[in-house]
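[1] here is a sequence together with a model predicted from it:
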Amino acid sequence: MRKVIGYTVESIGYVIGAQGFVSFASQTFLGKDWGWLRNVVDLPSAAYLGIVVVGLALVGLGVRTRKGAGRQEAF
(Lines give C-alpha, C1' and ligand atoms only; values in the text may rest on other atoms or scores of the structure.)
Protein backbone atom coordinates (compact mmCIF):
# COMPACT_ATOMS: atom_id res chain seq x y z
CA MET A 1 0.00 0.00 0.00
CA ARG A 2 2.87 2.37 0.75
CA LYS A 3 4.17 1.84 -2.77
CA VAL A 4 0.85 2.93 -4.27
CA ILE A 5 0.70 5.99 -2.02
CA GLY A 6 4.31 6.83 -2.92
CA TYR A 7 3.63 6.63 -6.64
CA THR A 8 0.47 8.73 -6.24
CA VAL A 9 2.21 11.49 -4.26
CA GLU A 10 5.13 11.45 -6.68
CA SER A 11 2.80 11.79 -9.69
CA ILE A 12 0.92 14.68 -8.10
CA GLY A 13 4.26 16.33 -7.37
CA TYR A 14 5.32 16.08 -11.00
CA VAL A 15 2.07 17.68 -12.18
CA ILE A 16 2.22 20.51 -9.62
CA GLY A 17 5.90 21.17 -10.32
CA ALA A 18 5.37 21.21 -14.08
CA GLN A 19 2.43 23.58 -13.80
CA GLY A 20 4.43 25.91 -11.56
CA PHE A 21 7.38 25.85 -13.95
CA VAL A 22 5.24 26.49 -17.04
CA SER A 23 3.41 29.34 -15.31
CA PHE A 24 6.65 30.91 -14.10
CA ALA A 25 8.43 30.59 -17.44
CA SER A 26 5.53 31.89 -19.50
CA GLN A 27 4.87 34.84 -17.22
CA THR A 28 8.55 35.76 -16.91
CA PHE A 29 9.86 35.20 -20.43
CA LEU A 30 6.79 35.50 -22.66
CA GLY A 31 4.60 37.94 -20.76
CA LYS A 32 1.62 35.61 -21.16
CA ASP A 33 -0.11 33.28 -18.75
CA TRP A 34 0.01 29.62 -19.65
CA GLY A 35 -0.84 26.52 -17.69
CA TRP A 36 -3.79 25.42 -15.64
CA LEU A 37 -2.86 27.29 -12.45
CA ARG A 38 -3.69 30.68 -13.93
CA ASN A 39 -7.33 29.59 -14.08
CA VAL A 40 -7.32 28.92 -10.34
CA VAL A 41 -5.15 31.69 -8.85
CA ASP A 42 -3.46 34.87 -10.02
CA LEU A 43 0.05 34.88 -8.56
CA PRO A 44 3.25 36.80 -9.19
CA SER A 45 6.14 35.01 -10.89
CA ALA A 46 8.05 34.39 -7.67
CA ALA A 47 5.09 32.56 -6.15
CA TYR A 48 5.09 30.14 -9.06
CA LEU A 49 8.66 29.23 -8.15
CA GLY A 50 7.35 28.36 -4.71
CA ILE A 51 4.84 26.04 -6.36
CA VAL A 52 7.72 24.37 -8.22
CA VAL A 53 9.46 23.80 -4.87
CA VAL A 54 6.26 22.30 -3.41
CA GLY A 55 6.06 19.96 -6.42
CA LEU A 56 9.66 18.87 -5.97
CA ALA A 57 9.04 18.28 -2.26
CA LEU A 58 6.06 16.06 -3.10
CA VAL A 59 8.17 14.11 -5.59
CA GLY A 60 10.83 13.57 -2.94
CA LEU A 61 8.23 12.54 -0.36
CA GLY A 62 6.67 10.10 -2.82
CA VAL A 63 10.01 8.50 -3.65
CA ARG A 64 10.91 8.27 0.03
CA THR A 65 7.56 6.68 0.86
CA ARG A 66 7.83 4.25 -2.02
CA LYS A 67 11.41 3.22 -1.20
CA GLY A 68 10.60 2.89 2.50
CA ALA A 69 7.91 0.32 1.77
CA GLY A 70 10.51 -2.40 1.26
CA ARG A 71 12.31 -1.62 4.52
CA GLN A 72 9.42 -2.27 6.92
CA GLU A 73 10.34 -4.36 9.92
CA ALA A 74 8.33 -7.45 10.78
CA PHE A 75 7.09 -7.69 14.35
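    Arrived safely.
[2] pLDDT below threshold where in this structure?
    The chain contains residues with pLDDT under 70 at 69-75.
[3] now the helices for it?
    2-25, 45-68 (DSSP state H).
[4] which of those sits closest to residue 39?
    The closest of those to residue 39 is helix 2-25. By C-beta to C-beta, the value is 10.4 Å. Any C-beta I mention is one placed from the backbone N, CA and C, and that applies to glycine too.
[5] list the residues that contact the residue lying closest to residue 65 once chain neighbours are set aside.
    Closest residue to residue 65 apart from its sequence neighbours, by C-beta to C-beta, 6 or more residues apart in numbering: residue 6 at 3.8 Å. Neighbouring residues of residue 6 by C-beta atoms under 8 Å, 6 or more residues apart in numbering: 62-69.
[6] rewinding a little: may I see the helices of the chain arranged in JSON lines, with distance to residue 38 as well?
    Shown next, in JSON lines, are the helices of the chain (distance: least, C-beta to C-beta, whole Å):
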{"stretch": "helix 2-25", "distance to residue 38": "6"}
{"stretch": "helix 45-68", "distance to residue 38": "9"}
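[7] of all these, which lies closest to residue 37?
    helix 2-25 (4.9 Å).
[8] next, the angle from that closest one to helix 45-68.
    Relative orientation of helix 2-25 versus helix 45-68 (axes from the mean of the first three to the mean of the last three C-alpha atoms, to 10 degrees): 160 degrees.
[9] what's around residue 20, how many residues?
    Residue 20: 23 surrounding residues under other C-beta atoms under 10 Å.
[10] give me the distance between it and residue 31.
    18 Å (C-beta to C-beta, to the nearest Å).
[11] what of residue 12?
    From residue 12 to residue 31 the distance is 29 Å (C-beta to C-beta).
[12] and if you look at residue 64?
    Where residue 31 is concerned, residue 64 sits at a distance of 38 Å (C-beta to C-beta).
[13] now do residue 24
    Counting by C-beta to C-beta, the gap from residue 24 to residue 31 is 13 Å.
[14] in terms of neighbours, single out the busier of the two.
    Ranked by neighbour count (other C-beta under 10 Å), residue 24 and residue 31 place residue 24 first, with 23 against 7.
[15] before I go, just wanted to say thanks for your time.
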